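Enquirer: Sequence plus predicted model, see below.
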Amino acid sequence: MLQHIFKNIITKGTLSVVAVAAGSLLFTQVSLAATLSISPSSVKVSVGDIVPVKVVVDTTGSNINSSDAVVRFPTDMLDVVSVSKSSSIFTLWVEDPKFSNPDGTVTFDGGLPNPGYTGSNGQVLSIIFKAKKAGTASIVFADAAVRQNDGLGTDILTAKQSGSVSIKVSELVEVVPVDTTPGSPLAPIVTSITHPDQNKWYSSSTVQLKWSVPKDVTAVSTSIGHSPASLPTVTSPATTVNKTFNNLYDGVWYFNIRFKNKNGWGEVTHFKIQIDTIPPDAFKITFPHGDTTSDPRPVVYFNTTDETSGVQYYEVKIGEKQFQRLTIDDVSSNPYTPDPQDPGEHNILVRAVDYAGNETVQSGEFTVVPINSPIITDYPSELSQGDLLRIRGTSYPLTDVEVVVTDANGHSSSQLTNVQGDGNFGMIWAKNLETGAYTITARAIDKHEAKSQFTKPLSMTVKKSALVSVGSFVVSWLSLIVLLVICAGGIGLLITYFIHKGGAIKKSVRRDAAVAESSVHKAFDLLRDNVREQIKTLEKAGSKRELTKEEEKVIKKLQENLTKSEEYLEKEIANIEKKVS
């Protein structure tokens, strides 16, 4: 009995394990399903029409990193006009997509790096067919695979959905004779407001055309296609003077038109239309020598293609600077090297523009490592206005040092100086500095234009010059000296006058003259001592710094004028004494 129960338990446990394993296996199979499809799955067109389709993938939640397939089509009913990978989810291609109309095949093999792609409507490829013959054409997959991004390349393709193209005979088709008859209309003149220049590419897929119809025209025949020698096939009334085509696909088109009158069909006009609505292929910006470098002009590589109109030019923008235009030859012949960049991180934008004006923009980053900063070893923390600013320091031998002086309002000026072979540099600032607070910084620049960071700002103050502060004082004392000399002379004249007037007042004049002489002596001695004190102040400033030429000239002039004034005053007083004695 116990043995029977134990057997049932084992059997039920085994079944449970099997059930769990089977469920897990089923779940794994479902999660690893992927589908390749032709989109749209069905389309109806007329003979001669263009048929665009896409190859899309549904990963049902899985990450995929590659897919390849052979797409087959009936060669008697369809021709491939072009294939494009420009909007593909894949960025890496083992082999670029290609087609063969004789074999009726389109092949592709592409992928992308980690983390791969997950989605339900990922475009792998776009194909443009042209309908050749009435009937139903099937577009099917052969030898297809979708590989999971699991490191093993597991093929998880479980379904392939083909496409169907129903092609019917065009209506209103009239066979137009190739040869014109005498007296038939001339070739029409066609113009377009949307695509006026037949030699240019345009990004608009809507084309508006117009023409003028002569009075004798009885019918107009038109058609549009990819052949530059096609004949118009659709006949319209003579009142038709314009035509609009919506959603034309990328490529070169020809609008064909000619008139008919009573004499027959005239000459054909083939108006060329070039359409490109798809931007250039996505690309990457790379740095062959690394994206972190001490080179201020790092090598930058980028290149791309545009399958329809072609890439016309590139534009490059670094940081906040303006875009710089580069030709295709500039990029294809040599990698791009920017102007010298300052140290730090830089963002670079590259814009690829095709001939229709469509653009693809990619970005990248690089870092310029700074060289060592210079060292400022000597500078004045305080200057007097008019003094020369002298700066000394060390840096790389035989390089340049840029010194920047900035005032309190943020206004800066710079000056370059050369570093000697021993690594020392010295400079005298070429500009006069007004009074106020300043900061001094410097950076090194080598022969490759690599730069260092600016040094830490050093503070400096410019005060009023000693010449300026005592100048008015000196002028005042000199004026008093001159005044005293004049007074002494005046006193002498007055005494002489009174002596000539009479002896009665001679004693009084002698007494007053003595008082005046004493007062002039005292005043002059006081003035002389103060002026000499000012001279000493200037000479003391010269012991701390080098006096300017103007200051040295003032000292010399003061000394000379003081000596001359003293001599003159002594002479005048002696004359007075002589006259009153």
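Expert: That came through, no problem.

Enquirer: nearest residue to Val207 other than its sequence neighbours?
Expert: Nearest residue to Val207 in three dimensions, chain neighbours excluded: Phe245, at 4.6 Å (Cβ to Cβ, 6 or more residues apart in numbering). Where C-beta positions appear, they are placed from N, C-alpha and C, glycine not excepted.

Enquirer: wouldn't the one you found be in contact with Ser223 here?
Expert: No - taking Cβ atoms under 8 Å as the definition, Phe245 is not a contact partner of Ser223, at 11.1 Å.

Enquirer: Are there residues contacting both of these two? Which ones?
Expert: Each of Phe255 lies in contact with both Phe245 and Ser223 under the rule Cβ atoms under 8 Å, 6 or more residues apart in numbering.

Enquirer: and these two? which has more neighbours close in?
Expert: Shown here are Phe245 and Ser223; by other Cβ atoms under 10 Å, Ser223 has more neighbours (19 against 16).

Enquirer: give me phi/psi at Tyr313?
Expert: Main-chain dihedrals, Tyr313, degrees, to the nearest 10: phi -160, psi 170.

Enquirer: For it, give me its contacts.
Expert: Arg325, Leu326, Thr327, Ile328, Val353.

Enquirer: go with 6 Å
Expert: Counting by Cβ atoms under 6 Å, 6 or more residues apart in numbering, Tyr313 touches Arg325, Thr327, Val353.

Enquirer: how many other residues sit next to the first one?
Expert: The one in question is Arg325. 13.

Enquirer: That one reaches Val316, doesn't it?
Expert: No - look at Arg325 against Val316 with Cβ atoms under 6 Å: they stay out of range, at 8.2 Å.

Enquirer: wait, what's in contact with Lys44?
Expert: Residues counted as contacts of Lys44 (Cβ under 6 Å, 6+ apart) are Ser166.

Enquirer: Can you give me the buried ones in the helix or strand containing it?
Expert: Using DSSP states H and E, Lys44 falls within strand 42-46. Under the neighbour-count criterion of 16 or more other Cβ atoms under 10 Å, strand 42-46 has Val43, Val45 buried.

Enquirer: Extract the CA atoms of it and return them as PDB.
Expert: Presented in PDB, the C-alpha positions along strand 42-46 are these (Å, rounded to 0.1, in the frame of the first residue of the first chain):
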ATOM      1  CA  SER A  42      -0.500  44.400 -51.100                       C
ATOM      2  CA  VAL A  43      -0.700  47.300 -53.500                       C
ATOM      3  CA  LYS A  44      -2.500  48.000 -56.800                       C
ATOM      4  CA  VAL A  45      -0.800  49.900 -59.600                       C
ATOM      5  CA  SER A  46      -0.800  50.400 -63.300                       C
END
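
Enquirer: next one: phi and psi at Glu434?
Expert: Torsion angles, degrees, to the nearest 10, at Glu434: phi -80, psi 170.

Enquirer: Now for it, how many residues are close by?
Expert: 9.

Enquirer: right, and the helix or strand after the top strand by length along the chain?
Expert: In the chain, taking DSSP state E as the definition, the longest strand is strand 135-148. Toward the C-terminus, strand 135-148 is succeeded by strand 157-161 as the next helix or strand (DSSP H and E).

Enquirer: And the next helix or strand after that following strand, what does it pack against?
Expert: Using DSSP H and E, the helix or strand that directly follows strand 157-161 along the chain is strand 163-168. Here strand 163-168 touches strand 42-46, strand 135-148, going by 3 or more Cβ pairs under 6 Å, 6 or more residues apart in numbering; DSSP states H and E.

Enquirer: ok so, going back, name the nearest of the contacts of Tyr313 relative to Gln453.
Expert: Arg325 (31.7 Å; Cβ to Cβ).

Enquirer: give me phi/psi at that closest one?
Expert: phi -90, psi 140.

Enquirer: Roughly how far does it sit from Tyr314?
Expert: 7 Å (Cβ to Cβ, to the nearest Å).

Enquirer: if we can go back for a sec, am I right that the residue nearest to Val207 is in contact with Thr206?
Expert: No - using Cβ under 6 Å, Phe245 makes no contact with Thr206, being 7.1 Å away.

Enquirer: which is the next helix or strand following the lowest-mean-pLDDT helix or strand in the chain?
Expert: The weakest-scoring helix or strand in the chain, judged by mean pLDDT, DSSP states H and E, is helix 2-31 (a mean of 38). Sequence order places strand 34-39 as the next helix or strand after helix 2-31, per DSSP H and E.

Enquirer: quick one, helices of the stretch 101-250 of the chain?
Expert: For the stretch 101-250 of the chain, applying DSSP state H, counting those that start in this stretch gives no helices.

Enquirer: show me where pLDDT drops low in it?
Expert: Applying pLDDT under 70 to the stretch 101-250 of the chain picks out residues 170-180.

Enquirer: How confident was the prediction at Lys85?
Expert: What the model reports for Lys85 is a pLDDT of 87.

Enquirer: Enumerate every residue touching it.
Expert: Here Lys85 is in contact with Pro97 (Cβ under 6 Å, 6+ apart).

Enquirer: ditto for Asp281
Expert: Contacts of Asp281 by Cβ under 6 Å, 6+ apart are Ser86, Thr304, Thr305.

Enquirer: So it lies in a strand, does it not?
Expert: No - residue state for Asp281 (DSSP: H, G, I helix; E, B strand; the rest coil) corresponds to coil; a strand is not indicated.

Enquirer: Can you report phi and psi for it?
Expert: Torsion angles, degrees, to the nearest 10, at Asp281: phi -60, psi 150.

Enquirer: now do Thr194
Expert: Taking degrees, to the nearest 10 as the convention, Thr194 sits at phi -100, psi -30.

Enquirer: Just to check, it is in contact with Ser205?
Expert: No - Thr194 is beyond contact range of Ser205, at 9.7 Å (criterion: Cβ under 6 Å).

Enquirer: Find the residues that touch each one of these two.
Expert: Common contact partners of Thr194 and Ser205 (Cβ under 6 Å, 6+ apart): none.

Enquirer: got a list of what Leu383 touches?
Expert: Leu383 neighbours (Cβ under 6 Å, 6+ apart): Val462.

Enquirer: Model confidence score at it, please.
Expert: Reported pLDDT for Leu383: 91.

Enquirer: what helix or strand is it on?
Expert: strand 382-384.

Enquirer: partner strands of that strand, parallel or antiparallel?
Expert: Here strand 382-384 has these sheet partners by DSSP bridges: strand 458-463 (parallel).

Enquirer: mind giving me the domain ranges of the chain?
Expert: When the chain is parsed with automatic domain parsing, its domains come out as 32-168, 190-275, 292-368, 375-463, 466-580.

Enquirer: Make TSV out of those domains and add distance to Ser184.
Expert: Supplementary listing: the domains of the chain in TSV, determined by distance: least, Cβ to Cβ, whole Å:
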stretch	distance to Ser184
domain 32-168	25
domain 190-275	4
domain 292-368	36
domain 375-463	72
domain 466-580	99
